[in-house]
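Asker: Pasted the sequence and its predicted model underneath.
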Amino acid sequence: MEVLKIRIAHDLDAFDPLGIMNRGIDKTIAEMFKSMHPIFSFSKTAWKPQIDVFETAKKIFIRADVAGVEKAEIGLEISPDAVRISGRRSSHPPAENGRYRLVEIEYGPFERVVRLPYSIDTETVVATYKRGFLIIEMEKLPPVSRQNTPIREE
């Protein structure tokens, strides 16, 4: 079991100072053209790894399928309410004088941002990379109690 380096922040938007994540229409257009031909890409990310998010009473887990990605190429950024997984999968050219007949594996940079349903304790996050899966284990914080404030009459 190998442990990955994790970057902690109080606000995930601090990871995206240019607002690139918030350009939804740009991403939609880019994905539309990319589906027609993979060479058309307006975005800096070439692909999105598939993920599972599941929880227990006390923890949230994220499992990302990043097969073929070197551990050193994976970036993990954590805030109390979101997780960003990013990195790059390097391509392997065909053998000399070879050519592709089918290309389904996506290569290049990737990024996934997962908004969490509960706030988590960023100090206790554990990430492991095992058999092509990045597994992130996070402890839920107790819900913040809210108090009703009485309104005075003047």
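Answerer: Everything's here; your move. Numbers count the residues shown, from 1 in each chain.
Asker: Tell me if I am right that Ala72 is in a helix.
Answerer: Yes - assessed by DSSP: H, G, I helix; E, B strand; the rest coil, Ala72 belongs to a helix.
Asker: Arg84 versus that one, what's the distance?
Answerer: Between Ala72 and Arg84 the computed distance is 17 Å (Cβ to Cβ, to the nearest Å). Any C-beta I mention is one placed from the backbone N, CA and C, and that applies to glycine too.
Asker: the more surrounded of the two?
Answerer: The residue with more neighbours, out of Ala72 and Arg84, is Arg84; 19 against 9, by other Cβ atoms under 10 Å.
Asker: if I read this right, that one contacts Arg112, doesn't it?
Answerer: Yes - judged on Cβ atoms under 8 Å, Arg84 makes contact with Arg112 at a distance of 7.3 Å.
Asker: in the chain, which spans are strands?
Answerer: For the chain, the strands defined by DSSP state E cover 2-3, 7-8, 51-55, 59-65, 74-79, 82-89, 108-115, 126-130, 133-139.
Asker: Work out the sheet partners of the last one and label each with its direction, please.
Answerer: The strands beside strand 133-139 in its sheet (DSSP bridges) come out as strand 59-65 (antiparallel), strand 126-130 (antiparallel).
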